[in-house]
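Next comes the sequence, and after it the predicted model I'd like to discuss.
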Amino acid sequence: MNSPKNTPLNKIDPSNNTAPQQGDPLLVVKDLIKHYPLKASGFSFSKEKVHALNGISFTVNRGEILGLVGESGCGKTTTGRSLLRMIEPDSGQVYFNRTSQEILDFEKKKEDFNSLIKPSNSEIKKFSNAEERINFRAFPKKEMRKERLKLQYIFQDPYQSLNPKQQIGRIITEAPVEHGHIKSNQWESTALKYLDLVGLPREALHKYPHEFSGGQRQRINIARAVALQPEFIVCDEPVSSLDVSIQSQILNLLLDIQKELGTAYLFIAHNLSVVFYLCDKVAVMYAGNMVEEAPSRELYNNPRHPYTELLMAAAPKIDGKPLENPPGLEGEVPSLIQLPRGCAFQARCPLAIDKCKEERPQLKELSPNHRVACFRAHE
């Protein structure tokens with residue numbers, strides 16, 4: 001599947017050389033880490049932590065759909081929520097809507113700062129000020145809330161994420177009115193516009209969430225997300241709780257909106273068939289680590305990480321034949337509290353060698369746009 005060549009939502013002034021251009025990435029994530037402290041008793045916390053994200057890095061281009069797959073508990077939802085700072089990451093960089101040159105310049109400043117043995121207070125303040133201007137993870141709260149209007153989230157549960165006491169029209173337009181995108185007397189016409197976009201009747205305007213089916217509620221969630229005309233949306237398993245007959249409708253709706261508005265998606269899912277159908281690129285996670293990333297067709301035809309191969313082998317087949325447990329898939333996912341030394345997949349990997357038990361493999365590019373974290377990927 002080729003990346004669509006859509007125009008970004010925010011028109012770029014060609015006279016402004018510092019503005020992001022079409023060739024610049026929309027979202028760049030580097031070394032994102034999130035650890036959850038374990039509660040001991042009462043209000044105290046243990047020294048042990050759950051290692052949810054362990055330094056993941058990836059890029060989403062404008063108008064692109066990146067699929068994120070992996071077993072339950074591998075860190076997919078934590079990734080999506082950390083990007084929008086619904087969960088505050090512990091460290092790492094999230095560059096949103098920044099030029100490639102801006103990112104390179106800041107990375108150089110960061111490298112120089114980290115090389116200082118004992119930075120002075122003025123050097124620390126200078127670096128912090130620079131980081132607060134470019135790294136979304138470090139934005140002050142006021143600037144973060146403003147910038148986050150360009151990033152939205154579609155939740156997995158289409159009912160729990162809707163206010164049962166609000167009418168649908170108000171749910172869709174609450175944020176645009178609150179943030180001054182539209183005037184308060186324009187809420188009705190705006191809501192009707194987005195109801196039409198997601199294929200819901202005008203009569204839905206004054207109804208409540210309980211009056212709709214699961215698929216219709218998810219359409220409402222999508223309408224609410226796109227009402228702010230975001231440039232990036234995290235879709236957190238948006239069809240997993242829906243009937244199979246409804247799933248294709250919602251997926252096609254997301255594709256139509258992406259083509260019409262040029263919105264980029266991070267699409268979190270378990271279903272590999274859905275991911276390969278919808279996404280331009282696919283990233284595979286395991287135990288809080290990114291183990292492989294490639295264009296969807298390339299990954300489908302040529303998986304290079306043992307976990308990706310086993311994940312695809314375990315996926316349900318269209319012919320309805322009973323699934324066989326592929327070799328090497330036995331065993332348990334490692335504890336996220338006490339991660340093993342070396343590769344997190346070593347205990348379940350049929351290709352593991354001694355080096356896998358001692359060193360953690362890093363993502364390396366084996367071929368154009370195909371990155372793998374495995375010592376034996378070249379084989």
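In hand now; what should we look at? Numbering: from 1, shown residues only.

so what's Leu266 closest to, chain neighbours aside?
Val234 (4.8 Å; CB to CB, 6 or more residues apart in numbering). (C-beta placed from N, C-alpha, C; glycine too.)

next one: phi and psi at the residue of the chain positioned farthest from its centre?
In the chain, the residue that sits farthest from the middle, by CA atoms, centre = their mean, is Ser120; the gap is 36.5 Å. When read as degrees, to the nearest 10, the backbone of Ser120 gives phi -80, psi 170.

Of all the residues in stretch 210-222, which ones are buried?
Judged by neighbour count (16 or more other CB atoms under 10 Å), stretch 210-222 contains these buried residues: Phe212, Gly214, Gly215, Gln216, Arg217, Gln218, Arg219, Ile220, Asn221, Ile222.

Tell me which residues are up against the host helix or strand of the residue nearest to Leu266.
In the assignment (DSSP states H and E), Val234 maps to strand 232-236. Strand 232-236 has contacts (CB atoms under 8 Å, 6 or more residues apart in numbering) with 26-27, 60, 76-77, 80-81, 83-84, 96, 150-156, 225-226, 254, 263-268.

can you give me the strands for the protein?
27-39, 45-60, 65-69, 91-96, 151-154, 232-236, 264-268, 281-286, 289-295, 364-367, 370-372 (DSSP state E).

closest to Ile182 out of the ones you listed?
strand 151-154 (15.9 Å; CB to CB).

pLDDT (mean, whole number) over that closest one?
Mean per-residue pLDDT for strand 151-154: 96.

Now do the contacts for the closest residue to Thr173 other than its chain neighbours.
If the residues on either side of it in the chain are set aside, Thr173 comes closest to Trp187, at 4.1 Å by CB to CB, 6+ apart. By CB under 8 Å, 6+ apart, the contact list for Trp187 reads Gly169, Arg170, Thr173, Pro176, Val177.

any idea how far the first one lies from Ala223?
Noted for Gly169: a distance of 10 Å to Ala223, by CB to CB, to the nearest Å.

any common contacting residues for those two?
Shared contacts of Gly169 and Ala223, counting by CB under 8 Å, 6+ apart, come down to Leu195.

which of the two has more neighbours?
Between Gly169 and Ala223, Ala223 has the larger neighbour count (other CB atoms under 10 Å), namely 26 against 22.

coming back round to it: which one of the strands of the chain lies nearest to His181?
Here strand 151-154 is closest among those (CB to CB), at 12.6 Å.

where's the nearest residue to Arg202 once chain neighbours are set aside relative to Gly215, distance?
Of all residues not flanking Arg202 in the chain, Leu192 sits nearest, at 5.8 Å (CB to CB, 6+ apart). Plainly put, Leu192 is 20 Å away from Gly215 if you go by CB to CB.

now swap in Asn135 and tell me
Distance from Asn135 to Gly215, counting by CB to CB: 38 Å.

Pull the contacting residues for Asp90.
The contact partners of Asp90, taken as CB under 8 Å, 6+ apart, are Ile33, Lys34, His35.

And the helices in the stretch 101-250 of the chain?
With DSSP state H, counting those that start in this stretch as the criterion, the stretch 101-250 of the chain has helices at 121-134, 141-147, 168-178, 187-197, 214-226, 244-261.

Turn those helices into a markdown table, including distance to His206 and mean pLDDT.
Shown next, in a markdown table, are the helices of the stretch 101-250 of the chain (distance: least, CB to CB, whole Å; pLDDT from 0 to 100):
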| stretch | distance to His206 | mean pLDDT |
| --- | --- | --- |
| helix 121-134 | 43 | 95 |
| helix 141-147 | 30 | 93 |
| helix 168-178 | 7 | 95 |
| helix 187-197 | 9 | 95 |
| helix 214-226 | 13 | 95 |
| helix 244-261 | 22 | 91 |
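
Point out the most buried one among those.
Compared across the helices of the stretch 101-250 of the chain, helix 214-226 shows the largest average neighbour count, a mean of 23 (mean count of other CB atoms under 10 Å).

Show me what that one is in contact with.
Counting by CB under 8 Å, 6+ apart, residues outside helix 214-226 touching it are 152-155, 158-159, 161-162, 168, 171-172, 175, 194-195, 197-200, 204, 209, 212, 233, 238-239, 241-243, 246, 249-250, 253-254, 257, 261, 263.
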